[in-house]
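J.: here is my input, please return the structure:
(chains A and B)
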Amino acid sequence: MKHLLAFFCALLPWLNSAAADIAGELQITPSSVKLTHAQRPHSLLVQAHTKDGYDVDFTGGATFTSNNEKVARVDVLGWVQPVANGDAVITVQAAGHTAKVNVSVQLPAESVGTSFRQDVMPVLSKGGCNAGACHGYSLGKNGFKLSLRGADPEKDYLALTDDFAERRINRHNTPASLLLLKPLGDLPHEGGVRIDHGTEMHETFRRWIAEGAKDDAPTLPKLVSVSIHPEKIVVQPKSQQQFQLVAKYSDGTERDVSRTGIFSVNIERVAKVDDVGLVSVTDLGETAIVARYEGIFVVANLIVLPPDTGFVAAPVPNDSVVDRHVIAKLNDLRIKPSDVTDDESFLRRASVDLIGVQPTPEQVLAFVADKDAAKRAKTIDALMQRGEFVDWWSLKWGDLLQNSRNTSSDPAVFAFREWIRSAVAGNMPLDKFAREILTARGSFMDNPAAAYFSVSKDTDDTLQRATQVFCGVRMLCARCHPHPFENWTQADYYGVHSFFNQVTTKPDPRLSGVVNAKTILVNLSTGPSTNPRTAKPQPPRYLGGAEPKLEAGIDKRTDYARWLTAPENPHFARSLVNRVWSYFFHRGIIDPVDDLRSTSPPINGPLLDALTKDFVEHKFDMRHLMRAIVASQTYQRSSVPNETNAHDDLNFSRAIPRRLPAEALLDSLVQATGVKENFGGAPAGFTAAQLPDGNVTSSFLALFGKAQRMEACECERDLSTNMLQALHFINGQSILSRLTNPAGRPALLLAKKLNDDEIIEQLYLWSLARRPIETERALAKKFIESYADKRADAVQDFMWALLNSRDFTMLR
Amino acid sequence: MCAASLHAAPPVVTSVDLRGLQIGKPTTLVITGTDLLPNPRLLTTARIAKQTLKDGAKPERIALEIELAPGSQPGLENWWLVTDNGVSARSVLATDAMPQTAFAEKLGSLPASLHGTISASQVREVTFPGKAGQEIICEIEAQRIESKLRPVLKLYGPGNALLKWSLPLTALRGDTRLEVKLPADGEYRVTLNDLQFAAPAPAHFRLKIGQWSYADLAFPSTVQRGASAEIQLVGRDGETKTVRLPSNAEGRAVPASWADAANSSGPQPAVWLSDLPELVEERTGSAPQLLPTLPVAVNGRISTPGEADAYELTVQPETEVDIQVFADSLGSPIDAELELRDPKGARLAINDDDGKSPDPRLTYKVPKDVTKLVAVVRDVNGNGGPRCIYRMQATAKAAAKSADFSLTMIEDSHTLQPGRAGVLKVEAKRAGYDGPIDLKFEHLPDGVKVSGEKIPAQATATLLTLASDKPVTPVIAALKGRGKDREVPAAFESAQLGKFQPWLENDLALASAAKPEIQFDAGWGKAADGKKIPLAGKLTLPVTCTRTPGHDGPVRLTLLTSQARQYNATNALDATKMLREEKAVLIAEDKKAQQAFDAVAAAEKAVAAAEKAITDAKDDAAKDAATKKNEGAQTALEKAKQALADAAKQMKNDVEFALLVPAELPEIPHQIAFKAELLKRDGRTVEAVTYTTVREVPVVNPLVLKLNPPAPAKLDAKTGATIELTGTLERLEGATGDVTLTIAGLPAGVTATPASVVVKANDKQFKFALKFPATIKPGDFPGLKISGTGKPFGGNLNVKTRDTGVTMKVLPPDPPPEPKPVAIPAATPAAKPAAQPAAKPVATPAANPVPKP
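T.: Take a look at the predicted model:
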């Protein structure tokens, strides 16, 4: 009843849109229907394009008529029900247009029974019976346990038909079955009413029990894929769109499963979806519509645009792989990008992003004075030649690879640090970088990269770290059950596990008595890992891929690393490109960057695809990738929004202000004030970016979210802002003691006997890496003059104000 | 009783700017330190043609120009600095044909050998011009020249591109090297830092850049003593060059000669000498290589990645075999694993690391009827290549336990005082040999007398006394020890050199000081006579020193004993196991004597001034006044001198030294001596050194167990036998406290009552009752041992008495009494006694005494 109500409510916008100015014919999905099962009807989606480029859904407002109801009937919602063998034609009328759909009904001679796997299991999932909060919980609920989200139909069948002397079904009195009474609410059920009387879900359970609650024959076709329709639409706010979900089986048959699939939207600000796939659009923006059916996820893209008021598309550039796809997408979204930012902002942003510290006054002035049209490109190259570039990117890799004295010995941490630094300094291709890490063995003295494995507590840890860093995939969930938001199963998990299960450690005999001194060994005789659910060995299986035939006695990691870094690998290059991209913007093209899954689609798929292709074609050259990003206009855009992109913070139409990472903030502060930081637990003279790990004493770095290397996740680094940080800048010794230090910048500038104008400019350059604009200069002069003869105090206080401004703590 | 002092301390070298000498050209070494004069010169194992002291020498800085003799070989050499006041501690330098210069930031040409040091997180850089295609080696010698730097090298090309880098390498004993063909013309930059950016001192290094030949390893690594052999030198890219080792090589190891000495640099690889038959791997197929009977050793190589080398051993059934693989210890890059299989391939045992070493070792008891075993050697990491050498040694365990020992010199140099004696400690590390070791110097200068040249049986060290009546020419001597049929060289301790240049460890520099001008003596107080070393107790020894006025600083005393240093499980020195000072001993400076001395000096100055005034007087009046003043000054001087003489008499020069004694020491006399150092008033600078004589002090166990001979007991067939064991516990050297006695080695079935006896502090007597069961076979029961433990001097140290053995005697029971004759009725045939059941023996009170409670 509630669905019917929703349907009528939903009719209103459709009726409104019926008057839309349609371009071309109605589009019916599918264009023809073949029905082979008496209980499996198929829906028809009715859509059209408007002349101004929107998609309109007429499904709810269309009229459907069958020319042969003895063969096929059609209801008002467009669901076609088979009646008898033969052909029929469905006529669809909407918005003054007519379309026809051929229907072929080919029912088997004998009626087909209800399938446990194909019919009952989807209802259990749809009803939420096998969800983690219900009977899918690891211990079940109230004595009844189902596998989580239907991962194990064999066990579920026994749980329903065999447990407690078959008490859950009554083969002699079907309506008396607990399987019906409880979810229908006819008996007390802690989970409440899960299905309504008379619905298809009710009927499925009833029919299956009445037919004897049979198990499926081994020849039952298997589900091989699921598709969602439409895959991509562009609509206006306040519209609605019905989505259709179609399952495909191994015998080639298809089935409309829209009513038993499970739908969700990624950004609920943009749209909401009901439980039969009807999406109601609420706001401008873009979101993915995610549908799950029996462990398979599919995603559709929904774009909500404002009414067209004369948007002029920007020319799509061809000289930048980044700009080409970003502009194309912005044009699709009718967004005009912000202008390219000024030289000073560019230099500060590029310096902080590439080398982890803002430019010095000398560098700013030289860059501004340079009249070369190619000066930005030249500067990018020059920054990548700097020693700080090695510091900065080695720090990032050190974080991701979790190089830490918590888990490795002191010398091993420094050796691995040197290895990472040499890889960055030598621009080691990232495929080689990954291979060398993932196949490392021995002592850190033999192979420093072996320290990567010292971090892992066990093979599970290695697997999860390796897939997260080099594929951007989180596999932890699949260790115990199918991944809730992705297609990974335990077979996938233990398949990858089998590649890494040869790795063991022993105390490093050369470093007797040294804490965490380990040597990495590879036991070549180790067989495949065991899937604890099936208790069977799981042969090595590439992530979401094939199971290779590997010779016995080899280091299986070598094969995994080869597969991982192959140009055609779907995870490696793509995840790294996405990760590197995120370092230069406020987010990844897919975000978060270390939780990539089909249900979290890229915000700009063509951009990610093109950058990935370019990255692979350039042999996994990280500097090439960075150059492509930083040299793009997309990266160099101003953070000042225009009237078309103020609402957009996803499509890189403008720079989104972001706080400097902890190390960059501290090193920039040190450079600005001229007073070094001494870190307890680190070699003397090290900058924050050079620190060997997180085991150092620095309240500043802790407050601003330095990664502690406990997890292989970007999320460990905290880039948020909070009140404590603000208070630290206002009152903390990190700032105050530096400003009042006799060797600090204010004192150094005062010693040069500069006039007010000069000193103000120097303070701006050192603090904000830019010159003051005229209003700022005037204000500053007034401020300094107000201190009269207390010039030293004035300079210190003014620099304090600059360092406390968002222009220092943020990249704009 | 007393020995005289040195006038001035021997030289102390704190740094040297270059740690290398160029062959073919003079090299100037700038040495800094203290007491570097007079007459400084290098004493070295290198052959020097000429050395000249450069102008401007100061006691704290000298420059010596050294010219090596023609034909000198590249390698590492020991060196010491000798002055007329003695000899410095040893150091190492390299020799090769490269120009040796102090570290510079820019090089004009190659090759170059740059010397310097690194502090903490410092990164040192040098640039040099390079040409495209030029092949370059950059190498650091640091650990190999006894530095603690853990070097990391990086080579950057034009455009700041990192071309190559290298970490500390096992094969280079922790040093590092990189080799590269330069990609373009331009300026290249080499950086050097400590791996952990915290270089421990000393952190000196030699950075070589250029092209040269080197050899890191010799294969075979080991040759049977007395045999000649072809030796492959493993060098660049694993290339090998063959040299010949003559059959007359001696010592533990010898340097392999260079194949191309003129162009070579670096340490010469060691060829080790052994007494086992040394074979070389012969691999012709996959079958195990058959080795001759044990003991045997084979030198092999894991030539290709993943290779496993198998050897068939012929063994004696029911014996233990000891199989050991040496790889890491030879400088091989492999982490060897040793597997023992039966001939059918089944695994019997496997070992990866033997304790603290990556090298494996297995001891296997051969089962009955087994005569063949297969030993397999491989690298756990699957590496292979020309450098992956190893040596496997298989011996019968009994043979492996053969009597062995090694000798360690605590010092690598010693300054002799003409006419006086000095003390040198030599330790023996015993490995199965407990007998006496006779020591003998080689190359000892004429006139040097040595005493204490024997390490007694069980002793772990000796204090050698060296004395000469006249100054001797500085020499590099060697000390050898002979025990039973084995002669071994004594070596000083160098963690690095001993592994790869062991021949350098055997050098001891001897030089003379000038005749002492300062009277500084040290000797024993009379109360030292008759002292004993009580286990777990305290030994107080009186020491007397004599200082002369003006040389009146504090005296630092250092204990020397004939006990070797003791280590705990983590290889750290364990003071609790050693004879040691209760606290650091210093004879304090005497302020009164110092003031008196200063007063004399001031008075002498006043007299001199007064005398000068008389001379300078321009008239009689002035002369009279000056004369009067002089008289006063003279009087004051006399008084000051008298005060000084009084103060000198009252100077406190005696001290009582309390030594703490561990609970365990061999009960043999131990040698004790003190090194006395007279310090200047600053309390730091050593002004003179002297030694007491070496005194032998017996070790005494303060708990002595004395047993009364136990009376034999007759076995009772019913109740067994009981033997009473009594005795006394004597406490010596003032020992007190309870002592708990226990018995070990009781035969099966025999019980002691009580199981342990506590002899209370105020008691001496003890008694055990040993109960023998009736079923025991009469006879002698040796092997019982009684011992006691207690804390004789309080504290935590438990002292154990000596085990006191005792033999019990259990006599057989009396035979059963003859049955009395019984009258037999005539009609009844006599029954055979044997057919009767044996009569049960009847216990008599005499034969079965009831033990007293």
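
J.: which parts of chain B sit against chain A?
T.: Chain B comes close to chain A at residues B:120-121, B:150, B:152, B:154, B:159-163, B:165, B:167-170, B:195-198, B:328, B:333, B:335, B:352-353, B:355-358, B:380-383, B:570, as judged by CB under 8 Å from any CB of the partner chain. Heads up, the C-betas are built off the backbone N, CA and C, glycines and all.

J.: keep only those of these that are in strands.
T.: Among those, the subset assigned to strands under DSSP state E consists of B:152, B:154, B:161, B:162, B:163, B:165.

J.: tell me which of those residues has the lowest pLDDT.
T.: Comparing pLDDT over these, the lowest score belongs to residue B:161 (87).

J.: which residues touch that one?
T.: With CB atoms under 8 Å, 6 or more residues apart in numbering or on different chains as the criterion, the residues that contact residue B:161 are A:425, A:426, A:427.

J.: what distance do you get for the second one to chain B?
T.: Spelled out, that is residue A:426. Look at residue A:426 and chain B: by CB to the nearest CB, to the nearest Å, they are 4 Å apart.

J.: and that residue, how many neighbours?
T.: 16 (other CB atoms under 10 Å in any protein chain shown).

J.: quick check: it touching residue B:162?
T.: Yes. Proximity of residue A:426 to residue B:162 meets the contact threshold set by CB atoms under 8 Å, at 4.4 Å.

J.: selection in ChimeraX covering whichever of the residues of chain B next to chain A are buried, please.
T.: The buried residues among the residues of chain B next to chain A can be selected in ChimeraX (16 or more other CB atoms under 10 Å in any protein chain shown) with this line:
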select /B:120,121,150,152,154,162,163,165,167,168,169,170,195,196,197,198,328,333,335,352,353,357,358,380,381,382,383
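
J.: do you know how far the closest residue to chain A within the stretch 651-800 of chain B is from residue A:86?
T.: Closest contact between the stretch 651-800 of chain B and chain A, by CB to the nearest CB, is at residue B:662 (24.0 Å). Here the distance between residue B:662 and residue A:86 works out to 107 Å (CB to CB, to the nearest Å).

J.: compare those two (neighbour count), which wins?
T.: A side-by-side neighbour count of residue B:662 and residue A:86, using other CB under 10 Å, places residue B:662 first with 19 against 15.

J.: show me the contacts for the more buried one.
T.: For residue B:662, the set of contacting residues under the criterion of CB under 8 Å, 6+ apart consists of B:535, B:536, B:566, B:576, B:577, B:578, B:579, B:797.

J.: equivalent analysis for residue B:585, please.
T.: Taking CB under 8 Å, 6+ apart as the definition of contact, the neighbours of residue B:585 are B:543, B:556, B:557, B:655, B:657.

J.: same thing with residue B:44?
T.: Taking CB under 8 Å, 6+ apart as the definition, contacts of residue B:44 comprise B:77, B:78, B:79, B:80, B:93.

J.: ok, those vs residue B:469, which is closest?
T.: Of all the contacts of residue B:44, the one with the least separation from residue B:469 (CB to CB) is residue B:80, at 23.2 Å.

J.: just say helix, strand or coil for residue B:563.
T.: When classified by DSSP: H, G, I helix; E, B strand; the rest coil, residue B:563 comes out as coil.

J.: I figured it was touching residue B:670, is that so?
T.: Yes. Applying CB under 8 Å, one finds residue B:563 in contact with residue B:670, separated by 6.2 Å.

J.: now for the two: what residues contact both?
T.: Contact criterion CB under 8 Å, 6+ apart; residues bridging residue B:563 and residue B:670 by contacting each: residue B:579.

J.: and after the lowest-mean-pLDDT helix or strand in chain B, which helix or strand comes next?
T.: The least trusted helix or strand in chain B, going by mean pLDDT, DSSP states H and E, turns out to be helix B:397-400, with a mean of 64. Later in the chain than helix B:397-400, the nearest helix or strand by DSSP states H and E is strand B:404-409.

J.: packing partners of the helix or strand following that next one?
T.: Later in the chain than strand B:404-409, the nearest helix or strand by DSSP H and E is strand B:413-416. Counting contacts by 3 or more CB pairs under 8 Å, 6 or more residues apart in numbering or on different chains; DSSP states H and E, the secondary-structure elements packed against strand B:413-416 are strand B:86-87, strand B:420-431, strand B:461-468, strand B:508-512.

J.: how much space between residue B:31 and chain A?
T.: Here the criterion is CB to the nearest CB. By it, residue B:31 lies 29 Å from chain A.

J.: nope, residue B:432 is what I meant
T.: When CB to the nearest CB is applied, the distance between residue B:432 and chain A equals 25 Å.

J.: returning to that earlier point: for the ones in strands among the residues of chain B next to chain A, which one is nearest residue B:628?
T.: The closest of those to residue B:628 turns out to be residue B:152 (CB to CB; 77.9 Å).

J.: verify the stated contact: that closest one with residue B:194.
T.: Yes. Residue B:152 sits in contact with residue B:194 when judged by CB under 8 Å, with a separation of 7.2 Å.

J.: and the pLDDT at the residue in chain A sticking out farthest from the centre?
T.: Largest separation from the mean C-alpha position in chain A: residue A:789, at 57.1 Å (CA atoms, centre = their mean). Per-residue pLDDT puts residue A:789 at 90.

J.: please apply the same query to residue A:331.
T.: pLDDT, residue A:331: 93.

J.: so it: helix, strand or coil?
T.: At residue A:331, secondary structure determined by three-state DSSP is helix.

J.: would residue B:682 count as being in a helix?
T.: No. Residue assignment for residue B:682, taken from three-state DSSP, gives coil, which places it outside any helix.

J.: get me the contact residues on chain A for chain B.
T.: Counting by CB under 8 Å from any CB, the residues of chain A close to chain B are A:385, A:387, A:410-411, A:414-415, A:418, A:422, A:425-427, A:441-443, A:445-446, A:448, A:506, A:509-510, A:512-513, A:519, A:521-522, A:524, A:555, A:683-686.

J.: quick one: low-confidence parts of the stretch 701-850 of chain B?
T.: Confidence mapping of the stretch 701-850 of chain B against pLDDT under 70 gives the ranges B:819-850.

J.: so which residues of it form strands?
T.: With DSSP state E, counting those that start in this stretch as the definition, the stretch 701-850 of chain B shows strands at residue ranges B:703-707, B:713-714, B:721-731, B:739-744, B:751-753, B:756-759, B:765-772, B:779-790, B:799-800, B:804-811.

J.: what strands flank the third one, and is each parallel or antiparallel?
T.: Each strand paired with strand B:721-731, and its direction, by DSSP bridges: strand B:703-707 (antiparallel), strand B:765-772 (antiparallel).

J.: cool, the fifth one as well?
T.: Strand B:751-753 sits in its sheet next to strand B:765-772 (antiparallel), going by DSSP bridges.

J.: for the nearest residue to residue B:24 once chain neighbours are set aside, give me the pLDDT.
T.: Computed as CB to CB, 6 or more residues apart in numbering or on different chains, the closest residue to residue B:24 that is not its neighbour in sequence is residue B:97, at 5.9 Å. At residue B:97, the predicted lDDT confidence score is 96.

J.: enumerate every residue touching the closest residue to chain A within the stretch 501-650 of chain B.
T.: At 5.8 Å from chain A, residue B:570 is the closest residue in the stretch 501-650 of chain B, using CB to the nearest CB. For residue B:570, the set of contacting residues under the criterion of CB under 8 Å, 6+ apart consists of residue A:513.

J.: before we move on, what about residue B:86?
T.: Contacts of residue B:86 (CB under 8 Å, 6+ apart): B:6, B:9, B:10, B:11, B:415, B:511, B:512, B:513.

J.: against residue B:544, how distant is it?
T.: With distances taken as CB to CB, residue B:86 is found 25 Å from residue B:544.

J.: tell me the residue of the stretch 201-350 of chain A that sits nearest chain B?
T.: Going by CB to the nearest CB, chain B is nearest to residue A:350 of the stretch 201-350 of chain A, at 18.2 Å.
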